[in-house]
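# Mind looking at a prediction? Sequence and model below.
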Amino acid sequence: MIGRTEYLDRLLSFRDKQLIKVVTGIRRCGKSTLLDLFREELIKIGVTDRQIVSINFEDAENEPLTERNALYAHIKERLIPDKMNYIILDEIQHVGEWQRVVDSLFIKRNCDVYITGSNAYLLSGELATLLSGRYIEIKMLPLSFAEYISALGGKTELSRKYTSYLTNSSFPYALELRKTKDIRAYLDGIYNSVVLKDVVKRKKVADVSALESVIRFMFDNIGNISSAKSIADTLTSAGRKISAHTVESYLEALCDSFILYKAGRYDVKGKQNLKTGEKYYVADIGLRYYLLGAQKADMGRALENVVYLELLRRGCDVRIGKAGNNEIDFVATNEDGLLYFQVALTVRDENTLTRELKPLDNIADHNPKYLLTLDDDPESSHNGIRQIYALDWLLG
């Protein structure tokens, strides 16, 4: 079992705090395992089994509890009056009006509530109103490269392991599978679960093939500036007639299901967020290989995708930078301020190096600037811009 220390530490830091702990992320990214690890930690510090009420709503045995009154009654009769009770509700979106149950448990002083869900709309609408200011969200992703390397046991042969990380997927259970056909079957299950359960069902999609055309287009265009209109125009010209409104609806649902992530644009000189010109990235490059095949590998954009997700893991708000006519791959904001990143497969050609450095060189402020590449060279500096081997950076 992979430790997922970063997420586990956050859960433990909020233990017994008067907040609902909400863990969100794409299906099979490790949310259930995280809660199992959390439960083990509770036992280690003296919490008894009777104080823990844990329910996974993807287990068919718990289907009778997906009715809110039945769920509340089930939990209430198991509460120990003079002890803190830990309520763990996994994939709670399967419960009708689950917000009412969570709110009722939250107001009890002897209940510490933890929930997970595979949809961003878990925290929208009614819940946001009902529980405003009373929950903390922990956004979970599949394995980072550092977690992947840790699970494989050692930092040797980093380049080969990085290739495996991309092609064999960063979903935790993929590490248990040795054969390519088994990994593909596993990814097929994840893909269809997300598309059919989280998107088709929620959006009541009638033309599933049109949705899949949009998904294939987005997977093929990670790191490219996209808009609903441009996507609709491209697909229509290729023979798949679809409206910009429909594309926009699909993109929203795909982002809500955490299979895609959207990065907006930031005007570095004007110091403001822009409303157009966003890019999209996929939650796992292995899913991209599964859907598009190896001929669509494009290692440069795959690296950009991996760096984007890593910045999210490190708690950054990440946007695409615009500085005049130049584009900066990522402008990341954290508690310390702004960070600028350019990402390139290789810059050993002098002209390529000059091209990649130019957008960063033209930024007048003194915030940290990085150039990340897959050139396994010693770290160097170009007028204050740090050039770092991307795999070293990913390992922290």
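That came through, no problem.
# where exactly do the helices run in the stretch 251-396 of the chain?
285-292, 299-313, 350-361, 390-394 (DSSP state H, counting those that start in this stretch).
# Next: the stretch 1-150 of the chain.
Under DSSP H, counting those that start in this stretch, the stretch 1-150 of the chain gives helices at 5-13, 31-44, 68-76, 98-106, 126-130, 145-152.
# which of the residues in the second one are buried?
Meaning helix 31-44. 31-35, 37-39, 42 (16 or more other Cβ atoms under 10 Å). In short, each C-beta sits where N, CA and C put it, glycine included.
# what do you get for stretch 49-58?
If you call a residue buried by 16+ other Cβ under 10 Å, then stretch 49-58 has these buried ones: 51-57.
# got those as a markdown table, with distance to residue 178 columns?
A markdown table is the format used below for the buried residues of stretch 49-58 (distance: Cβ to Cβ, whole Å):
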| residue | distance to residue 178 |
| --- | --- |
| 51 | 39 |
| 52 | 34 |
| 53 | 37 |
| 54 | 31 |
| 55 | 33 |
| 56 | 27 |
| 57 | 31 |
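# any idea which of those is closest to residue 286?
residue 56 (24.6 Å; Cβ to Cβ).
# Bridge partners for that closest one, pull those for me.
On the basis of DSSP bridges, residue 56 is bridged to residue 90.
# Does it touch residue 90 like I think?
Yes: contact criterion Cβ atoms under 8 Å: residue 56 and residue 90 qualify, at 4.2 Å.
# which neighbours do these two share?
Shared contacts of residue 56 and residue 90 (Cβ atoms under 8 Å, 6 or more residues apart in numbering): residue 32.
# give me every residue that touches the residue lying closest to residue 1 once chain neighbours are set aside.
Residue nearest to residue 1 in three dimensions, not counting chain neighbours: residue 33, with 6.3 Å by Cβ to Cβ, 6 or more residues apart in numbering. Contacts here follow Cβ under 8 Å, 6+ apart; on that basis residue 33 touches 1-2, 4, 172.
# looking at those residues, which has the most residues close by?
The member of these that has the most neighbours, counting by other Cβ atoms under 10 Å, is residue 4 with 22 neighbours.
# Residue 380 contacts residue 387, doesn't it?
Yes: using Cβ under 8 Å, residue 380 is in contact with residue 387, at 4.8 Å.
# So for these two, which residue has more residues nearby?
residue 387 (22 against 11).
# Who is the more buried one paired with across the strands?
residue 371, residue 380.
# That one touches residue 374, doesn't it?
No: look at residue 387 against residue 374 with Cβ under 8 Å: they stay out of range, at 11.7 Å.
# quick one, what contacts residue 174?
Neighbour list for residue 174: 168, 183, 186-187, 286 [criterion: Cβ under 8 Å, 6+ apart].
# likewise residue 193?
Contact analysis of residue 193 by Cβ under 8 Å, 6+ apart lists 27-28.
# pLDDT score for it?
The per-residue pLDDT reported for residue 193 equals 93.
# Spell out the secondary structure type for it.
Here residue 193 takes the helix state, with states given by DSSP: H, G, I helix; E, B strand; the rest coil.
# so how far is residue 257 from it?
Applying Cβ to Cβ, to the nearest Å, the value for residue 193 to residue 257 is 10 Å.
# What's the local residue count around residue 282?
23.
# bridging residues for it?
Residues in beta-bridge contact with residue 282 (DSSP bridges): residue 260.
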